[in-house]
Structures are given as C-alpha cells and as structure tokens.
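With the input below, show me the fold.
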Amino acid sequence: MMDAPPLLAMHRIGKSFPGVRALDGVDFDLRAGEVHVLLGENGAGKSTLMKILSGAYRPDEGTIHLAGEPQRIASPQHAQALGISTIYQEFNLVPHLPVSANISLGREPRHAGFLLDRRAMRKKAETALRELEVAIDPDSPISALGVAEQQMVEVAKALSLDARILVMDEPTSALTETEIANLFAIVRRLRDRGVGVVYISHRMEEIFEIGDRVTVLRDGRHVATRELGTVTVRELVRDMADRELTEHFPRETVEPGAPLLEVRGLTTRTKLRDVSFALRRGEILGLAGLLGSGRTELARALFGADPLQDGEVRVHGRPCRFRSPREAIQAGIALLPEDRRQLGLVLPLSIKRNVSLPNTHRVYPRGLLRKTEERRLAEECVTGLRVKTPHIEQATANLSGGNQQKVVLGKWLARQSDIFIFDEPTRGIDIGAKVEIYRLMNRLTREGAGILMISSEMPEVLGMSDRVLVMREGRLVGEFNRANATQEAVLGAALGTTP
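I've put the predicted structure just below:
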C-alpha cells in the first residue's frame, strides 16, 4: 500500500466564503486500500474540503487528481460518476419516501427507460442492507425510522454505488456498539477490495481502531499527516487545538438545591412506563440507556411534544400538563434536541433570527419588531458563547456543528430558562467544542439551573453527571450517584444483566 500511487491527490486547495477563509492551501491524498482519517476541530475545514471532493463546492484555487488524472469535479452527480461516494454527517434522505427509493434516489432503475422498476429498486436495497447486516424493511418510509436506522440507510445508499473513494463524515455518531462493529467490518472489506476511505470522526478510539493514516486541519490549514501507528492521542489533540487538553470532563461540583422538575408515574401510549424522578437546582442528571430505550421519548414528553397517558409533571412545585412545546417553553423548560439541524434550528435563517424564535415576547412585543433588542440578544449569544461567525446575519446552515449547537443553547439562554434537557449535546462536535459545551453546562448549574443530559457516550455520562438514571424498554431501571456510577454498573442496568 505504501508504494501505491495516490488514488486521490488534492493540492493547495483554497476556498473562501463571505467573511471566512475556509481553506487555505490544503494538501490531502488518499491511497487505494487505506482508511485516511481527516481530523480537526469544528470549523477547521474538514467538511468544506470533502464537499469540494464530492462536487458540492467548487474550489477557488488548487488542483485535484484521481489516479493521476486531473479532474474538475462539476457537481455531486459528476463526483458519483467518477466513483466518489459521500456519507454526510447530516442525513440527505427524503422522509416520505421508502428506504428502497432513497437508496436508489437519482439512479432509479426503469422499465424501457420510462417507468420506475420498483422491484429492482427493492432488490438493490435488500442487497445493500443485507451487506450491512441490518434488519430494515425496504418498504418502510424514512420518517418511520430512528436516527440510527436512518444512518444505516445512508451507509447502504453509499455502498449501492460502485465507489472507489468513500467519504464517511461522522458515520457512527448515532450508532450502537454492535452497529459500529458491523460498519467497521464493512469498511475493512471495502479497504481489502482496494477502495480508499476518507474517515471523519471526533471519537479518538474509533480513529485508532479503523484508520491507517491521519491528516489534521486547523483553521483551514494543513497541520500534519501522520501514520496512526506512530502518534498518540495527546499529539493529535495538540495538533488540532494548538494547546493541551488535559481535562476532557471539567465538571464543577455544585451543592444541589430544591427540585426544579418532578416526574411521577409518567406513562405514554407508545413507550414510557411509570417513569419517576426529580431534577434539582445546580444538578446535572445523566440519562443513559441503549438506543430505543425511551430516552428521547422522555425528552419529547417532558417538552410537550408527545401526549401523556398517565402521570404527573411538576415544575417549581406546580403541577403542569403540557399540551404543546409552547406551554413547556413558557414554564421555563428548554430542549436541545438530538437532531439540531432538523429540530433545533431553522437553517436558512440567520443567527439573529434563530435566537429570536423562542423570544418573540421580547423581540416582538405587541406585534412590533424591536430591532435593537433582536440584535442585542444575538450579539450576546455570539459573544458570550464564542460562536465563530463573521456576523450575526450569517445563516446557521453555514456554521460548523459545534457553533450550531451554541446557537441552539444561546436562544434558550436569552429565554432565561432554568430547566434544560440536553439530548446528545456533543454529538458530532470536536473535543475542543465539547469542553466548551461542558463549561457552559457548569455555568448554568452554578447559576441555579438544572440539566437533564441524555447521552450515548458513556465517558460523557460518567464524567459530567452528578447522578445517572438508566432506562430500558421505556422504564427507569437504575439510579447511581457519582461515586458508584461505573461503566460496568450502568451498562449492566441498560442491558438487563445486573444481578
């Protein structure tokens, strides 16, 4: 592999957006039959570089060679024709269409070049899903699938192409350990067949398990390319951030106060069964469990998005029965959803307008726009949370994942909420941005807020929680304090193997 000519060579790639130099003379190459990890903090330029490779963006400067031949990649369709397949961090699926149609989207087989060949589409989907070893019905609409299942459909969609270059941008962010192991087995088979894989991830353990080489970007520039067998996590973090990160989970202990949120016997028609707990001032209450255990359903029920069948919710000691998210927001509850792009932001709108959305009582009193107040709230968000953006008029779609998450948090800070539900708060963001989010969580609890933190990352749950609740099959099956919350104990409860 070391002597093989590059399958891909990107040289001196430059790209600018209004007010931002996203890439500045970046070099990157990929060999046939290797997994080359692309690493960097949010905003480092990783996604921009890969969007240039996939034809979504045109470079301002630089050259691209595929197997030694110069190429000007004109569009995503052109990239696919050249054998480049991309799995983006955020899903590119059509919710109302079935799985089979999504896997063949844009490449639908037809009878006599006219009528859709649905049988052939279904067969192609079955083959791709079988290779992934996942039990997903090809006839199911995407809207009926969970986040993890949708991610596997994205993988199947990419594998259905006869790709020689496969770009994977955070492909495991919503997968279980078993699904990750299956995915890695597929990646290794593809590598053995000579496919070159560009792998983007912020999970260090994955990088060393699946990668051969690693390239680090920082602030749109190439920092280093190394063989993964010769580098340590500490060295990579220093390359990424130009600083030492010695404390990944900087939890500050705060003396818990009175209950902010009390839940008694919460039951829904679809998932939750007799859930009871309390969240206190100054506390981070972790919520662990396997995918499908009911964690997100609990967040939705507390936020008024799903109706209750039975049970009681008390906020500041007062009984509440929310019929909509609007009522939950008015009571002081804030939700940072698992899918921030679909449920937390209106991507085409600016930072300013997104911050205004839950704060219309301040920005539009009596139906009149207060431009000064709207600008002030947005500037407080950008300055206070250190959002990397040229201005508050920037569309949130153009921000990195970590900065998008800060805007979601910023709009609730402007609302002056004191009960926060964080559903996968650091999903898809880098180590540096994670630490910033953790410090913001510390700030909130110091100021008297309470946080219910739902997370699939065990180190995050154990490192940042004062107490840990564990869910399985819609029920709370375990509670641990900080002293006795170990990975073995929490996983045992989640799996139902605790004696």
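
Please state the backbone phi and psi of residue 386?
phi 50, psi 50 (degrees, to the nearest 10).

you'd agree it is up against residue 410?
No. Counting by Cβ atoms under 8 Å, residue 386 stays clear of residue 410, with 10.5 Å between them. Where C-beta positions appear, they are placed from N, C-alpha and C, glycine not excepted.

Compare these two (neighbour count), which wins?
Neighbours were counted for residue 386 and for residue 410 using other Cβ atoms under 10 Å; residue 410 has more, 23 against 11.

nearest residue to that one other than its sequence neighbours?
Spatial nearest neighbour of residue 410, excluding adjacent residues (Cβ to Cβ, 6 or more residues apart in numbering): residue 381 at 3.2 Å.

mean confidence for the strand or helix carrying that neighbour?
When elements are assigned from DSSP states H and E, residue 381 belongs to helix 371-384. Per-region confidence: helix 371-384 scores 91 on mean pLDDT.

Tell me the buried residues in it?
Of the residues in helix 371-384, 373-375, 377-378, 381-382 count as buried by neighbour count, 16 or more other Cβ atoms under 10 Å.

Using CSV, please lay out those residues together with distance to residue 462.
Listed next are the buried residues of helix 371-384 as CSV, based on distance: Cβ to Cβ, whole Å:
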residue, distance to residue 462
373, 41
374, 40
375, 41
377, 35
378, 35
381, 30
382, 32
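
Looking at those, which one is closest to residue 196?
For the buried residues of helix 371-384, the minimum distance to residue 196 (Cβ to Cβ) is 38.7 Å, reached by residue 382.

Tell me who's in contact with that closest one.
With contact taken as Cβ atoms under 8 Å, 6 or more residues apart in numbering, residue 382 is in contact with 351, 389, 392, 410.

looking at it, the second one is touching residue 351, isn't it?
Yes. Here residue 389 lies in contact with residue 351, judged by Cβ under 8 Å, at a distance of 6.3 Å.

what residues are shared contacts of these two?
382, 399.

Who are the packing partners of the helix or strand bottoming out on mean pLDDT in the chain?
Least confident element among the helices and strands of the chain, by mean pLDDT, DSSP states H and E: helix 233-241 (a mean of 78). Applying 3 or more Cβ pairs under 8 Å, 6 or more residues apart in numbering; DSSP states H and E, one finds that helix 233-241 contacts strand 35-39, helix 204-210, strand 213-218, strand 221-227, helix 431-446.

Need the winner for burial among those.
Among these, strand 35-39 has the highest mean neighbour count (mean count of other Cβ atoms under 10 Å), at a mean of 25.

got the CA positions of that one in CSV?
What follows is strand 35-39, C-alpha atoms only, in CSV (Å, rounded to 0.1, in the frame of the first residue of the first chain):
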residue,chain,number,x,y,z
VAL,A,35,-8.6,4.4,5.6
HIS,A,36,-7.3,8.0,5.8
VAL,A,37,-8.7,9.9,8.9
LEU,A,38,-9.4,13.6,8.5
LEU,A,39,-9.2,15.3,11.9
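
List the contacts of it.
Outside strand 35-39, the residues touching it (Cβ under 8 Å, 6+ apart) are 28-30, 46, 49-50, 187, 191, 196-201, 207, 210-217, 228, 236, 239-240.

next one: stretch 59-79
Contacts for stretch 59-79 (Cβ under 8 Å, 6+ apart): 5-16, 23, 25-26, 52-56, 82-84, 86, 106, 165.

change it to 6 Å
Residues outside stretch 59-79 that contact it (Cβ atoms under 6 Å, 6 or more residues apart in numbering): 7-16, 52, 54-56.

Kindly report the same for stretch 316-336.
So stretch 316-336 is contacted by 303-305, 312-313, 315, 358, 408, 412, 417-422, 425 (Cβ under 6 Å, 6+ apart).

again, 8 Å this time
Stretch 316-336 has contacts (Cβ under 8 Å, 6+ apart) with 259-262, 299, 302-305, 307-308, 312-315, 344, 358, 405, 408-409, 412, 415-423, 425.
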